[in-house]
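In: Model the structure of this input:
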Amino acid sequence: SSFDNDESGSDVEERPLKSANGHECEAHCPSDSVAAVTGPQISCFCCCTRFNCYLCTACLFGACLAFAIIMRLVGASVIMKAIFPEDRQAPSMRQWATTEPPPALPPSSTPQMAAPPQTVAPPKMVAPQLPASTSASSPVSPSGNPGQDLKAYAAAVGTTTPIIRAQNADACKMAYRASRQYSPLMLYSKKWHVVFNLQPKAGSSLVRDALKSHGGFDEVKAVPVDATHFSFARDPLKRSISGFIEIGEGCSNVGSTIGLYDEVVTPEKIKKVVARFEAIVGELEQQRCQNAHLLSHMSRFGDLKTSPLEFVGNVGSMEKDWDLLGKIQERRFGVQAWPPLKTQLVGADQNHVLEAMRKKQWQYKWINESLLSPGLKQRVCMLYRDDYCCLKLPQPVGCNVPC
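Out: Numbering: from 1, shown residues only. Now for the predicted structure:
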């Protein structure tokens, strides 16, 4: 195309231009203009003629802006290729969003952060557990030796005699020769952590009433791990006389039983009562009388290998030994407010119990130790040899029991 002169009609010299693809421009620009060459589809155009310099300014600004954008894009592409070669392309946003972790960079390109110092907690100090401070949930034997623990408890509160007596019974191998061994009657009190091995005519009513009126008890066949297995023993000679009075007409019909409360006691009647007692002793020696009130303690304790005794009190010091057991239970299991025996009650209750016991003393007018011959007394002591020897009970005057 051609560029015509303006309205003034002045002549402008025309000169040929070539485009970038080598074609000659079909237009001729004035000499005072700047020729710009575009792509192959547009040959050329003239800019900044004296007729329209504003068009040239806009043209140059647009060209510069386009050039800047192109260079920025090209530069960014070059930089990205330099950082991420083809064998390690930068992960896309979709890859970052997946559950799989992004590929780790080699150690040379990943700065290593030093791990923060770890604070080491000081070791916890465990306070030693003393036997005196064990609770109801404490193990039965903190040291692993129940016998030694019980000795320590007993020594701390008074005497170790009931503990040693129980250990002697557990270790004794002497057989009771007057009767077979019987299953024990064991009463378990969960509240007081005790199992009472009941022995007739040895304070059993006092112990049973104390447990029954303060939480009750259950009959068991084995000793729970959280309980002290205990019992009370009585001098076998005195116990045999008490058992004889209890059974009345049992085991023999020789002689007679004791008389009534208001009956006059005469030497002839006493002789008949003693004769009945001696006959029953003979039945026991022949293992024919099986009354529980006359059997030895050792024959009624049960299997002491599977359920060993831990405390055996003496009826002769029953209140003292009962209080000692309460103190042991407090230190061993944390029990509080140990129940009293009826004989330890104050006021009218105690007086009632003591009066009832005094009224029963009349029975011993008919038979007692002083009314037995030395030979009969020795026979009785030998009959209960296992009790005297295994429980280490004091022997009455006039008895000689070899252990």
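In: Where does pLDDT dip in the stretch 251-400 of the chain?
Out: 353-359 (pLDDT under 70).
In: Now do the strands in it.
Out: For the stretch 251-400 of the chain, the strands defined by DSSP state E, counting those that start in this stretch cover 311-314.
In: Would you state the helices of it in chain order?
Out: Ranges of helices in the stretch 251-400 of the chain, per DSSP state H, counting those that start in this stretch, are 267-285, 297-300, 318-333, 348-359, 374-383, 385-390.
In: Give me the helices and strands touching the last one, please.
Out: With contacts taken as 3 or more CB pairs under 8 Å, 6 or more residues apart in numbering; DSSP states H and E, helix 385-390 sits against helix 297-300. Using the backbone N, CA and C atoms, a C-beta is placed for each residue, glycine as well.
In: Could I get the buried residue list for the helix it packs on?
Out: For helix 297-300, the neighbour count (16 or more other CB atoms under 10 Å) marks 297-300 as buried.
In: Turn the residues you listed into JSON lines, including distance to G316.
Out: Below are the buried residues of helix 297-300 laid out as JSON lines (distance: CB to CB, whole Å):
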{"residue": "H297", "distance to G316": "14"}
{"residue": "M298", "distance to G316": "18"}
{"residue": "S299", "distance to G316": "21"}
{"residue": "R300", "distance to G316": "19"}
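In: and of those, the nearest to C289?
Out: For these, the residue nearest C289 by CB to CB is S299; the value is 12.5 Å.
In: ok so, going back, including distance to H193, could the helices of the stretch 251-400 of the chain go into TSV?
Out: Formatted as TSV, the helices of the stretch 251-400 of the chain follow (distance: least, CB to CB, whole Å):
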stretch	distance to H193
helix 267-285	36
helix 297-300	23
helix 318-333	4
helix 348-359	26
helix 374-383	35
helix 385-390	26
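In: Out of these, which is closest to V220?
Out: V220 lies closest, by CB to CB, to one member of the helices of the stretch 251-400 of the chain: helix 297-300, at 15.6 Å.
In: Show me what that closest one is packed up against.
Out: The contact analysis (3+ CB pairs under 8 Å, 6+ apart) places helix 297-300 against helix 385-390.
In: go with 10 Å
Out: Judged by 3 or more CB pairs under 10 Å, 6 or more residues apart in numbering; DSSP states H and E, helix 297-300 is in contact with strand 228-233, helix 385-390.
In: sorry, back to before: so which of the helices of the stretch 251-400 of the chain gets nearest P224?
Out: Proximity to P224 (CB to CB) singles out helix 318-333 among the helices of the stretch 251-400 of the chain, at 11.5 Å.
In: Give me the buried positions along that closest one.
Out: 318, 321-333.
In: Please export the alpha-carbon coordinates of that helix; PDB is fine.
Out: Output of helix 318-333 as PDB, limited to C-alpha atoms (Å, rounded to 0.1, in the frame of the first residue of the first chain):
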ATOM      1  CA  MET A 318      -8.200 -64.800 125.800                       C
ATOM      2  CA  GLU A 319      -9.000 -61.100 126.100                       C
ATOM      3  CA  LYS A 320      -5.300 -60.200 125.900                       C
ATOM      4  CA  ASP A 321      -4.700 -62.400 122.900                       C
ATOM      5  CA  TRP A 322      -7.900 -61.100 121.200                       C
ATOM      6  CA  ASP A 323      -6.700 -57.500 121.500                       C
ATOM      7  CA  LEU A 324      -3.300 -58.600 120.200                       C
ATOM      8  CA  LEU A 325      -4.900 -60.100 117.100                       C
ATOM      9  CA  GLY A 326      -6.800 -56.800 116.600                       C
ATOM     10  CA  LYS A 327      -3.600 -54.800 116.700                       C
ATOM     11  CA  ILE A 328      -1.900 -57.200 114.200                       C
ATOM     12  CA  GLN A 329      -4.900 -56.900 111.800                       C
ATOM     13  CA  GLU A 330      -4.700 -53.100 112.000                       C
ATOM     14  CA  ARG A 331      -1.000 -53.100 111.100                       C
ATOM     15  CA  ARG A 332      -1.400 -55.900 108.500                       C
ATOM     16  CA  PHE A 333      -4.600 -54.900 106.800                       C
END
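In: Show me what it is packed up against.
Out: helix 146-157, helix 161-171, strand 194-197, helix 204-212, strand 228-233, strand 311-314.
In: and Q336, how many neighbours does it have?
Out: 8 (other CB atoms under 10 Å).
In: measure it to L345 for me?
Out: From Q336 across to L345, the span is 19 Å (CB to CB, to the nearest Å).
In: One more: Q378?
Out: 40 Å.
In: quick one, which of the helices of the stretch 251-400 of the chain is nearest to K201?
Out: It is, among the helices of the stretch 251-400 of the chain and with distance given as CB to CB, helix 297-300, at 10.1 Å.
In: ok, residues contacting that closest one?
Out: Applying CB atoms under 10 Å, 6 or more residues apart in numbering, the contact partners of helix 297-300 are 169, 172, 174-185, 197-200, 202, 231-234, 236, 239, 292, 304, 312, 384-387, 389-391, 393.
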